[in-house]
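1. Just to be clear, the model below is a prediction. Sequence and coordinates:
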Amino acid sequence: MAHHPSTTAILDNLDALSQRRLHRREDIGVLLDLGAHAELADILQDLAFLAKFLTRTFGIMQRIGREGNGYDRLESEFALNLDVVRGHVRTLLGSAPDDIRDRFAASYLAMTPNGLSNLIALLGDLTWYKNWLLDSKQARA
């Protein structure tokens, strides 16, 4: 799928920032294109924020393990915010072609171990987007 030129530029910046470690570049581009519409910009921003939060939370959960102090609270927060993320992705995909909606539903929104794994990878890439947004904001200040 061809992306808007501004999306392609952002993806190039994300590739450089991540040192070419994006796993879901094409799908991040789809979300950026869809979130470029003014009425969805806040959803995309919140999705990027939650991606960074959930990626860090997931890392902490893996590090401390189920028996770790505070794991239950982290797991609860993780599950709650993961539902919000899924809702945001569905909202962004509202105007997408059916084939893209179907692909995202099967790859990222399916309530399966593979769906969760794919969603975590997508969130990891969105974390690079959040970092880029923060760096861009500081550069303008």
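-> Okay, I see it. Numbers count the residues shown, from 1 in each chain.
2. I'd like the distance from Leu119 to Leu11, if you could.
-> Distance of Leu119 to Leu11, computed by Cβ to Cβ, to the nearest Å: 19 Å. Yep, even glycine has a C-beta here, placed from its N, CA and C like the rest.
3. where in this structure is pLDDT low?
-> Regions of the chain meeting the criterion pLDDT under 70 cover residues 1, 138-141.
4. Just give me the longest helix of it.
-> Taking DSSP state H as the criterion, the chain has its longest helix at helix 113-140.
5. buried set for that one?
-> The neighbour-count check on helix 113-140 (16 or more other Cβ atoms under 10 Å) flags 115, 118-130, 132-133 as buried.
6. next one: stretch 58-67
-> Neighbour counts using 16+ other Cβ under 10 Å place 58, 61 of stretch 58-67 among the buried residues.
7. all helices for the protein, in order.
-> Counting by DSSP H, the helices of the chain are 5-17, 25-35, 41-64, 71-92, 98-104, 113-140.
8. Out of the buried residues of helix 113-140, flag the one nearest to Arg90.
-> In terms of Cβ to Cβ, no member of those lies closer to Arg90 than Leu119, at 12.3 Å.
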